[in-house]
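Visitor: Any chance you could fold what I've pasted below:
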Amino acid sequence: MFILASASPRRRALLRQIGAQFVSITPAVDEVSDGERPRDAVIRNAQAKACKVAQEYPEHAVLGADTAVVLSGMAFGKPQDAADARRMLSLLEGREHTVLTGIAWVADGRIYTDAAETRVRFAPLTEAEIAAYVATGEPMGKAGGYAIQGRAAIYIEELHGSFSNVVGLPLHAVAALARTAGVVMEETDASA
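Guide: The predicted structure follows:
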């Protein structure tokens, strides 16, 4: 069993989907970018989350993650309010952007990091469509102000890369890095 350093219900659902055995603990870490490259920022934030929890639970492997939506070098985190969500969606509509997720495993006192990148093309949207989508409340708490696994699915024209990355956790990359770190993500029943 490992610890997921996240409060994200989407990350928990993705891990349950693959049979991972984990508990979730929310670290008290501020996500910041400090003007660094978006890829570096998501890896650093993921590492900070995992390390914070690992300090309290050094006997457990800990997984941290951080996701950002990037358009023309500008990273979008979670919208602050409805107006911010409308602003983000107005910039994304009709264009291709990148979803970056930094991942970090802390296991046996060592840190392993990686990042996944997925390109997503949004359909053109009207102001009314954006306002209606924001009014659902779904954009809140989501990097870039949308949920591809929810109502925003009808606005996605094209996707290149990991779907689970856009949801919030690139499962293939997480599992590959877990193998490198020597972390067992799921319990197997040898008697089955």
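
Visitor: ok, residue 139 touching residue 130?
Guide: No. Contact criterion C-beta atoms under 8 Å: residue 139 and residue 130 do not qualify, at 9.4 Å. Where C-beta positions appear, they are placed from N, C-alpha and C, glycine not excepted.

Visitor: ranges for the strands of this structure?
Guide: 2-4, 22-24, 62-71, 74-76, 96-107, 110-122, 156-160 (DSSP state E).

Visitor: If I average pLDDT within each of those, which one is lowest?
Guide: For those, the weakest mean pLDDT is recorded on strand 74-76, namely a mean of 89.

Visitor: Against which helices or strands is that strand packed?
Guide: Secondary-structure packing of strand 74-76 (3 or more C-beta pairs under 8 Å, 6 or more residues apart in numbering; DSSP states H and E): strand 62-71, helix 82-92.

Visitor: again, only using 10 Å
Guide: Packed against strand 74-76 by the contact rule (3 or more C-beta pairs under 10 Å, 6 or more residues apart in numbering; DSSP states H and E) you find helix 38-56, strand 62-71, helix 82-92, strand 96-107.

Visitor: Tell me the buried residues in the first one?
Guide: Taking 16 or more other C-beta atoms under 10 Å as the basis for neighbour counts, the residues of helix 38-56 that come out buried are 38-39, 41-54.

Visitor: Throw the strands of the chain into CSV and include distance to residue 88 and mean neighbour count, thanks.
Guide: Formatted as CSV, the strands of the chain follow (distance: least, C-beta to C-beta, whole Å; neighbours: other C-beta atoms under 10 Å):
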stretch, distance to residue 88, mean neighbour count
strand 2-4, 26, 23
strand 22-24, 26, 15
strand 62-71, 8, 26
strand 74-76, 5, 18
strand 96-107, 10, 24
strand 110-122, 11, 18
strand 156-160, 15, 13
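
Visitor: Tabulate those strands (CSV), appending distance to residue 178.
Guide: Shown next, in CSV, are the strands of the chain (distance: least, C-beta to C-beta, whole Å):
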stretch, distance to residue 178
strand 2-4, 8
strand 22-24, 11
strand 62-71, 8
strand 74-76, 26
strand 96-107, 6
strand 110-122, 8
strand 156-160, 24
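
Visitor: I'd like to know which of those lies nearest to residue 182.
Guide: Of all the strands of the chain, strand 96-107 sits nearest to residue 182, with 6.2 Å by C-beta to C-beta.

Visitor: State the pLDDT value of residue 187.
Guide: Residue 187 is given a pLDDT of 68.

Visitor: List the contacts of residue 114.
Guide: Listed by C-beta atoms under 10 Å, 6 or more residues apart in numbering, the contact set of residue 114 reads 43, 46, 101-105, 170, 173-174, 176-177, 180.

Visitor: quick one: which two of those are the most distant?
Guide: Among the contacts of residue 114, 101 and 180 lie farthest apart (C-beta to C-beta), at 16.8 Å.
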